[in-house]
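Trainee: Okay, sequence plus prediction incoming.
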Amino acid sequence: MEPNSLQWVGSPCGLHGPYIFYKAFQFHLEGKPRILSLGDFFFVRCTPKDPICIAELQLLWEERTSRQLLSSSKLYFLPEDTPQGRNSDHGEDEVIAVSEKVIVKLEDLVKWVHSDFSKWRCGLQAGPVNTEALGRNGQKEALLKYRQSTLNSGLNFKDVLKEKADLGEDEEETNVIVLSYPQYCRYRSMLKRIQDKPSSILMDQFALALGGIAVVSRNPQILYCRDTFDHPTLIENESICDEFDEISAKENTVR
């Protein structure tokens, strides 16, 4: 794979007219190969002047005639980076979603990806799970199945996970996760109940069912979203592909 090339990872997951839908793609970030898949959260900067925000990858597809590779993502901004600004009603771990999903070509999306998130200080720090211990007792496989069924609409990500493992991404690279407000509340409640117990208890299916979120990245940050806003300048971004809005609207159908 050439350093600046893009390629799909895994088998297609749906068809609609001239469009083929996929679960993941591979690109290079600072000379290193990386894979992003549906449901992943990552940091982006839409233009050099914009603040860093969080993107959630929700749809990937290719137009078979033009071979155009496209993506649909949901963007989350800190309250202070929205037109209304932060007020006393906003929680310290809260982000606000852009009301419209953002559709851009993959080649433009990878230009938005921001690798230096050292200045991002917001979010609840969640304790990482010991993945070596998970591998010894089979819990890691159970965790991946759980996350697959809850975060990715039940799609089979076995082929994508294999590709990630081949790249040395056995541990998830995601350093941020955005939950709904009810999910966040359940998570905080669960943390309170297990505060004196080892982090491995988060692998217990009962704990997961009651609101535990098993995170295996090194420095995970948990945030929540309960509101949306209209971004005043995003529509002016030359990378936005408004002509594909109807495809994004069919997202729940193909997934």
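Mentor: That came through, no problem.
Trainee: Bridged to Gly14, which residues?
Mentor: Under DSSP bridges, the beta-bridge partners of Gly14 are Phe21.
Trainee: in this protein, which spans are helices?
Mentor: Ranges of helices in the chain, per DSSP state H, are 106-112, 131-137, 139-151, 158-166, 181-193, 205-209, 245-249, 251-254.
Trainee: I'd like the average pLDDT over the shortest one.
Mentor: Averaged across helix 251-254, pLDDT comes to 46.
Trainee: can you check the fifth one too?
Mentor: Taken as a whole, helix 181-193 carries a mean pLDDT of 82.
Trainee: Repeat that for the third one.
Mentor: For helix 139-151, the per-residue pLDDT values average out at 52.
Trainee: Does Cys177 touch Phe42 like I think?
Mentor: Cys isn't right for residue 177; it's Ile. No. Taking contacts as C-beta atoms under 8 Å, Ile177 lies outside contact range of Phe42: 10.7 Å. (Glycine included, C-beta is placed from N, CA and C.)
Trainee: More neighbours: which of these two?
Mentor: Remark: of Ile177 and Phe42, Ile177 carries more neighbours, 26 against 22, as counted by other C-beta atoms under 10 Å.
Trainee: Just the pLDDT at the more buried one, thanks.
Mentor: 87.
Trainee: Beta-bridge partners for it, please?
Mentor: For Ile177, the beta-bridge partners are Ile222 (DSSP bridges).
Trainee: start at 26 instead
Mentor: Yes, from this point I'll number from 26; that puts the last item at Ile202.
Trainee: Output the below-cut-off pLDDT ranges for the stretch 76-225 of the chain.
Mentor: Scanning the stretch 76-225 of the chain for pLDDT under 70 picks out the ranges 144, 151-179, 194-199, 219-225.
Trainee: List of residues touching stretch 85-99?
Mentor: 31, 33, 43-50, 63, 69, 80-84, 122-123, 126-132, 134, 266, 269, 272-273, 276 (C-beta atoms under 8 Å, 6 or more residues apart in numbering).
Trainee: quick one, what contacts Asp267?
Mentor: 128, 260.
Trainee: Check it and give its pLDDT.
Mentor: 72.
Trainee: Once you drop chain neighbours, what's closest to Asn262?
Mentor: Nearest residue to Asn262 in three dimensions, chain neighbours excluded: Cys71, at 5.8 Å (C-beta to C-beta, 6 or more residues apart in numbering).
Trainee: number of nearby residues for that neighbour?
Mentor: Each residue near Cys71 was counted by other C-beta under 10 Å, and the total is 24.
Trainee: I'd say it and Leu259 touch.
Mentor: Yes. The pair Cys71 / Leu259 is scored as a contact, 6.6 Å apart, by C-beta under 8 Å.
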